[in-house]
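Enquirer: Build me a model:
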Amino acid sequence: MTPREHDTMNSHDERFDQAMRDLHAQAVSQVSTATRARLRVARHAAARPAEREPRRGFNWVLGSGLAAVFAVAIGLQLRPARTPVPAPSATPVASTNAAAFDAETAIAVLDENPDFYLWLASNDDAVPSLEP
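Expert: All right, here's what the predicted structure looks like:
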């Protein structure tokens, strides 16, 4: 590019820029003062930092926590009731304990399952030997 072409392009750009500035000034002069005032207020409002919106994440945490508390409460209500264990009396009752255990019945229960004795006999290492 020759210096003459460069100057021609610069002058062309400068003329274009000046023409656009003139059109802008003419357009601004035709805008009413009320419109300019509204535009100024809007421009200043846009330049101000936006106000923070309230955090909505806390609402989710609060809601899910409340749902969990209700679920636990309902689960505790649906749990089967436990029967209370009677408190031991001050004087022991021997007849009740004697009636609860019957030696004859205990031996009869072991005799009912001969497979246990077959298994025990097949495992030599299951019963420790008493030999010295």
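
Enquirer: and residue 15, how far is that from residue 24?
Expert: Relative to residue 24, residue 15 is positioned 15 Å away (Cβ to Cβ, to the nearest Å). (C-beta placed from N, C-alpha, C; glycine too.)

Enquirer: which helix of this protein spans the most residues?
Expert: When every helix of the chain is counted residue by residue (DSSP state H), the longest turns out to be helix 3-30.

Enquirer: just the strands in this structure please.
Expert: When assigned using DSSP state E, the chain turns out to have no strands.

Enquirer: Of all the helices and strands in it, which has the lowest average confidence?
Expert: Taking mean pLDDT, DSSP states H and E as the measure, helix 94-100 is the helix or strand of the chain with the lowest mean score, a mean of 54.

Enquirer: re the thing from before, from the contact counts, what lies against the longest helix of the chain?
Expert: The criterion is 3 or more Cβ pairs under 8 Å, 6 or more residues apart in numbering; DSSP states H and E, and there are no helices or strands that helix 3-30 contacts.

Enquirer: what is the mean pLDDT for it?
Expert: Taken as a whole, helix 3-30 carries a mean pLDDT of 85.
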